[in-house]
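Novice: sequence plus the predicted model coming up.
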Amino acid sequence: MTDNPIFERATRFLSALRHCQVLGLRVHSASHDGLTITLPYSPQIVGNPQTGVIHGGAITSLMDTACGMATLCVLPEFEVCPTLDLRIDYMHPAEPHKEVHGFAQCYRVTTDVIFTRGFAYQDDPEQPIAHVVGTFMRMGKGVKGTKVFGGVIRGGSK
């Protein structure tokens, strides 16, 4: 356990998402300023077997998850917030055999929409692999699924 409730909530939420389990995603850091998720390198996510470069879909999954989970950093209580729009600009391919980090933060929260931005990188955040902006719809606390996931991120059972 840590004394960072945002990190704990993010870790519990990530563990409840099956595609994140399959990809091996893990929370690296989380605070009110945003969060960073790590995608470990594995042969299963390689898009080009000749070069070993990670498939863009794995990076997209990482960044959609990071942006969506950034909502946990700014909302006082869990809400279901599905992706409305996600744009990723790829700068260059990820280097083979290295993990990828995805940082995301919320820069505007309205009653209906949360606006996020972030970037994927390997060794140096100043040399991003990709930039991302996304919008997420606030469905509210009473939406189906909120009770299940809300219990998970608060530390209860599913």
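Specialist: Perfect, thanks for sending it.

Novice: what does the pLDDT read for the residue nearest the centre of the chain?
Specialist: The residue at the geometric middle of the chain, judged as the C-alpha nearest the mean C-alpha position with Cα atoms, centre = their mean, is Ala66 (1.6 Å). Looking at Ala66, its pLDDT stands at 97.

Novice: CA atoms only: put whichever strand or helix holds Thr135 into PDB for me.
Specialist: With elements delineated by DSSP states H and E, Thr135 resides in strand 130-137, which encompasses its position. What follows is strand 130-137 as a C-alpha-only set of coordinates in PDB (Å, rounded to 0.1, in the frame of the first residue of the first chain):
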ATOM      1  CA  ALA A 130       3.400  10.000 -30.100                       C
ATOM      2  CA  HIS A 131       1.200  12.900 -28.900                       C
ATOM      3  CA  VAL A 132      -2.400  12.400 -28.000                       C
ATOM      4  CA  VAL A 133      -5.500  14.500 -27.300                       C
ATOM      5  CA  GLY A 134      -8.800  13.000 -26.200                       C
ATOM      6  CA  THR A 135     -12.300  13.900 -25.000                       C
ATOM      7  CA  PHE A 136     -14.300  11.700 -22.600                       C
ATOM      8  CA  MET A 137     -18.000  11.900 -21.800                       C
END
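
Novice: may I see the buried residues of it?
Specialist: Judged by neighbour count using 16 or more other Cβ atoms under 10 Å, the buried positions of strand 130-137 are Ala130, Val132, Val133, Gly134, Thr135, Phe136. For glycine as for every other residue, the C-beta is placed from the backbone atoms N, C-alpha and C.

Novice: ok, now stretch 11-29?
Specialist: Within stretch 11-29, the residues that count as buried by 16+ other Cβ under 10 Å are Arg12, Phe13, Leu14, Leu17, Cys20, Leu23, Leu25, Val27, His28, Ser29.

Novice: for the protein, name the helix or strand with the lowest mean pLDDT.
Specialist: Evaluated with mean pLDDT, DSSP states H and E, the helix-and-strand set of the chain has its lowest mean pLDDT in helix 146-154, which scores a mean of 54.

Novice: next one: the residue lying farthest from the centre of the chain from Pro96, what distance?
Specialist: Note on the chain: the largest separation between a C-alpha and the mean C-alpha position, by Cα atoms, centre = their mean, falls on Gln50 (28.3 Å). Noted for Gln50: a distance of 10 Å to Pro96, by Cβ to Cβ, to the nearest Å.

Novice: all set now, cheers.
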